[in-house]
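1. Build me a model:
(chains A and B)
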Amino acid sequence: DTAVSQTPKYLVTQMGNDKSIKCEQNLGHDTMYWYKQDSKKFLKIMFSYNNKELIINETVPNRFSPKSPDKAHLNLHINSLELGDSAVYFCASSHSSTRWQFFGPGTRLTVL
Amino acid sequence: AQTVTQSQPEMSVQEAETVTLSCTYDTSESDYYLFWYKQPPSRQMILVIRQEAYKQQNATENRFSVNFQKAAKSFSLKISDSQLGDAAMYFCAYRSAAGTYKYIFGTGTRLKVLA
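-> Residues are numbered from 1 along each chain as shown, chains lettered A, B, ... in the order given. All right, here's what the predicted structure looks like:
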């Protein structure tokens, strides 16, 4: 009965590869987010979707592309991976009426 | 633009004692929400406590309570009877009540609990 799940939990890949991280929530929330947490633990929002519509698109390289096939899923695709993309990526969800977010377990991405 | 500042990169507390983590924020809005999240070594982000800006009463959740000073734009977290399991990174976060549902996080405070 996981609330927000992400796959994979760990991802090790070579520079230049393309990879995807998947996120699913079973809370009935209407808003989903992607965050990046760097090595200094700084948590920064990247994207947010509300009812499948992109509502937040921070200054992120266009190698990063989110896709929301439905309200329960938000995937993150990264092209041409670079060393600086190594981080923990968190998916989160919330309902517009409840104000607080639930986070997934995070995906640790390591680019070699 | 809103900002959230946590000025204590690291704090230590003896088991069973009380510790207060500081958070200040900057906003021109009058209606917003504030949160404290905990991130233990497992890296899972866990909501600890939340506060609506329109509520004057400070939020409390068991051993966790906040001191919300709206005029001073301060939102500190007090942990009473600290336990070893409280050791974690603690993040303060802000969310506007209107517009996009953007959360702004502070840089975190690492809390160590000493046995």
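
2. can you pull the pLDDT of the residue in chain A that chain B sits nearest to?
-> Nearest residue of chain A to chain B, counting by Cβ to the nearest Cβ: A:Phe103, 3.7 Å away. Quick note: C-beta positions are derived from backbone N, CA and C, even for glycine. Looking at A:Phe103, its pLDDT is 94.

3. list the contacts for the closest residue in space to it that isn't next to it in sequence?
-> If the residues on either side of it in the chain are set aside, A:Phe103 comes closest to B:Met45, at 3.7 Å by Cβ to Cβ, 6 or more residues apart in numbering or on different chains. By Cβ atoms under 8 Å, 6 or more residues apart in numbering or on different chains, the residues touching B:Met45 are A:Phe90, A:Ala92, A:Phe103, A:Gly106, B:Tyr37, B:Lys38, B:Gln39, B:Phe91.

4. Would you mind measuring from B:Met45 to B:Gly85?
-> From B:Met45 across to B:Gly85, the span is 16 Å (Cβ to Cβ, to the nearest Å).

5. I'd like to know how many residues surround the nearest residue to A:Lys52 once chain neighbours are set aside.
-> Nearest non-adjacent residue to A:Lys52, counting by Cβ to Cβ, 6+ apart: A:Ser68, 4.7 Å away. For A:Ser68, the number of neighbouring residues by other Cβ atoms under 10 Å in any protein chain shown comes to 19.

6. quick one: the helix or strand containing A:Ser68 to chain centroid distance?
-> Following DSSP states H and E, one finds A:Ser68 within strand A:64-70. With Cα atoms, centre = their mean, to the nearest Å as the basis, strand A:64-70 stands 9 Å off its chain's centre.

7. can you pull the buried residues of it?
-> Under the neighbour-count criterion of 16 or more other Cβ atoms under 10 Å in any protein chain shown, strand A:64-70 has A:Phe64, A:Pro66, A:Ser68 buried.

8. Neighbouring strands - and their directions - for it?
-> strand A:73-78 (antiparallel) (DSSP bridges).

9. Restrict the partner strand to CA atoms and write it as CSV.
-> Taking Å, rounded to 0.1, in the frame of the first residue of the first chain, the C-alpha atoms of strand A:73-78 are listed here in CSV:
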residue,chain,number,x,y,z
HIS,A,73,1.9,8.9,-13.0
LEU,A,74,4.7,11.3,-13.6
ASN,A,75,7.8,10.1,-15.4
LEU,A,76,11.1,11.9,-15.9
HIS,A,77,13.2,11.2,-19.0
ILE,A,78,16.8,12.5,-19.1
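
10. which other residues reach it?
-> A:18-25, A:32-34, A:46-47, A:49, A:63-69, A:85, A:89, A:91, A:109.
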